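Enquirer: Sequence and predicted structure below; questions after.
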Amino acid sequence: MTLRRIGVGGPVPYDVLVGRGLGGHLPDLVGPPPRQVAVVHPRALRATGEQVRDDLSRAGYAAHAVEVPDAEQAKTVAVAEFVWSVLGRCRFTRTDVVVGVGGGAVTDLAGFVAACWLRGVRVVLVPTTLLGMVDAAVGGKTAVNIPEGKNLVGAFHPPAGVLCDLDTLDTLPAAEFVSGLAEVVKAGFIADPGILDLIEADPQRATRPDPDLTPELVERAIRVKARVVEADLTETATAGVSREVLNYGHTLGHAIERVERYQWRHGSAVSVGMVFVAELARLAGRLDEATADRHRAVLEAVGLPTRYRADAWPALLEAMRVDKKARGDRLRFVVLDGLARPAVLEAPDLQLLAAAYAEVADDEERA
């Protein structure tokens, strides 16, 4: 397929490359040698991480493979400290580079490590999951989790470039691919309804790597995020397009992840979260019934969950109070006033919240 280059503007512009067989483009994003490169990768991708290290070594870099735990277990202060220790022992300077290879958890970690080391060094991200490609690796948000909540400790640190090699999706477990579709669907609801039309035309085709549909969905989702990030990198805009809209479905989604001790996939949790805020907006008189119902229909069509345990509501409500969007004791939710018309609902009545949760509540937990 043709290489697709998506520019992300703003104060620190960079390119996102989308295509197949893109390994040869990595040195262009890293920058010319000589310089040291730390290739941070999860245990499950040891062979891939070591291959990237070897390729960079042959290209003239002093490359080091740094293995971290899999999935959300990598996103801790302790793991970040371990990587910083490696950088220290290797005497990394401000001309050196961190490369994050893996899913969204590893790209978040690599970005956070790079943001803090010497107050900021160059980072290049190589997402290997659909979720990482369309969401985590693009936008410059970096973070780790703490027991009190997800992504509460982090920094804004845009990458020097992002390399999305679609070849990596061919071996991605089916459940992980479908999980990533939640963020693609989110982009459709908040900004690009054409994404929803493409998925609804053939939901089963959307649930697996497809030579034509997958690149189209990935590119469209990335372009949605690029436009929002260009307008509001650090989530401080008070008018117009705000980066906060990218958190659609994430307030309840992050709470579910915390209650589940991060054993639920991010996409599954966000899927439930999107149905919840759609019902919240409908009950608040802000969203039409057809668009609210469309959430459940399209998410279920690709095999994503739309319900969660009824008895979990008190714990979820408490977890949401620590959400990044909260202001004091006032909860804030990104909602829709219509298709592709995101807005914010601030301090909704607790009875309204409970009524919206009743629409997604289930007596049986769904993985």
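Expert: Everything's here; your move. Numbering: from 1, shown residues only.
Enquirer: Can you list the residue ranges for helices in the protein?
Expert: 26-30, 46-58, 77-89, 104-116, 130-131, 174-190, 193-201, 203-206, 213-231, 250-259, 266-283, 289-301, 313-320, 350-358 (DSSP state H).
Enquirer: now those in JSON lines, with distance to Val66?
Expert: Just so you know, the C-beta spots here come from the backbone N, C-alpha and C atoms, and that holds for glycine as well. Converted to JSON lines, these look like this (distance: least, C-beta to C-beta, whole Å):
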{"stretch": "helix 26-30", "distance to Val66": "15"}
{"stretch": "helix 46-58", "distance to Val66": "8"}
{"stretch": "helix 77-89", "distance to Val66": "5"}
{"stretch": "helix 104-116", "distance to Val66": "9"}
{"stretch": "helix 130-131", "distance to Val66": "22"}
{"stretch": "helix 174-190", "distance to Val66": "23"}
{"stretch": "helix 193-201", "distance to Val66": "35"}
{"stretch": "helix 203-206", "distance to Val66": "35"}
{"stretch": "helix 213-231", "distance to Val66": "26"}
{"stretch": "helix 250-259", "distance to Val66": "25"}
{"stretch": "helix 266-283", "distance to Val66": "23"}
{"stretch": "helix 289-301", "distance to Val66": "36"}
{"stretch": "helix 313-320", "distance to Val66": "31"}
{"stretch": "helix 350-358", "distance to Val66": "41"}
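Enquirer: Could you tell me which ranges of the stretch 201-350 of the chain sit under the pLDDT cut-off?
Expert: Along the stretch 201-350 of the chain, the model assigns pLDDT under 70 to residues 237-241, 323-329.
Enquirer: still on that earlier bit, quick one: which of the helices of the chain is nearest Gly10?
Expert: Checking the helices of the chain against Gly10 by C-beta to C-beta gives helix 213-231 as the closest, at 4.8 Å.
Enquirer: for that closest one, packing partners?
Expert: Contacts defined by 3 or more C-beta pairs under 8 Å, 6 or more residues apart in numbering; DSSP states H and E place helix 213-231 against strand 4-8, strand 14-19, helix 174-190, helix 193-201, helix 203-206.
Enquirer: Could you report the distance from the closest residue to Arg94 other than its chain neighbours to Val124?
Expert: Nearest residue to Arg94 in three dimensions, chain neighbours excluded: Leu118, at 5.3 Å (C-beta to C-beta, 6 or more residues apart in numbering). Leu118 is 17 Å from Val124, where distance means C-beta to C-beta, to the nearest Å.
Enquirer: quick one, which of those two is more surrounded?
Expert: For Leu118 versus Val124, the count of surrounding residues by other C-beta atoms under 10 Å is larger for Val124: 27 against 11.
Enquirer: what are the bridge partners for the more buried one, then?
Expert: Val99, Gly161 (DSSP bridges).
Enquirer: give the contact list for it.
Expert: Leu26, Leu29, Val30, Val97, Val98, Val99, Gly100, Pro159, Ala160, Gly161, Val162, Leu163 (C-beta atoms under 8 Å, 6 or more residues apart in numbering).
Enquirer: rerun at 10 Å
Expert: Shown in contact with Val124 (C-beta atoms under 10 Å, 6 or more residues apart in numbering): 14, 26-31, 37, 39, 97-101, 107, 110, 114, 137, 159-163.
Enquirer: Tell me how far it lies from Ala74.
Expert: Separation of Val124 from Ala74 (C-beta to C-beta) stands at 17 Å.
Enquirer: cool, and Gly104?
Expert: Taking C-beta to C-beta, one finds Gly104 at 10 Å from Ala74.
Enquirer: coming back round to it: out of the helices and strands packed on helix 213-231, nearest to Ile256?
Expert: That would be, of the helices and strands packed on helix 213-231 and by C-beta to C-beta, helix 174-190, which comes in at 12.1 Å.
Enquirer: The closest one vs helix 104-116, what angle?
Expert: For helix 174-190 against helix 104-116, the angle by axes from the mean of the first three to the mean of the last three C-alpha atoms, to 10 degrees is 70 degrees.
Enquirer: My read is that Trp84 contacts Leu109, right?
Expert: No - using C-beta atoms under 10 Å, Trp84 is not in contact with Leu109; the gap is 11.1 Å.
Enquirer: who's more crowded, these two?
Expert: Leu109 (28 against 14).
Enquirer: burial of the residue lying closest to the more buried one once chain neighbours are set aside, as a residue count?
Expert: In this structure, Leu109 finds its nearest non-sequential neighbour in Ala74, 5.0 Å apart by C-beta to C-beta, 6+ apart. By other C-beta under 10 Å, the residues close to Ala74 number 28.
Enquirer: what does the one 4 residues further on give?
Expert: Residues contacting Ala78 under the criterion other C-beta under 10 Å number 9.
Enquirer: Okay, now the unreliable bits of the stretch 1-150 of the chain?
Expert: In the stretch 1-150 of the chain (pLDDT under 70), the answer is 1.
Enquirer: residues in contact with the residue nearest to Leu109?
Expert: Here Ala74 is in contact with 40-43, 67-68, 80, 82-83, 100, 102-103, 105-110, 144-145 (C-beta under 10 Å, 6+ apart).
Enquirer: And it, how far from Ala47?
Expert: 17 Å.
Enquirer: Regarding stretch 143-163, how distant is the last residue from the first?
Expert: 20 Å (C-alpha to C-alpha, to the nearest Å).
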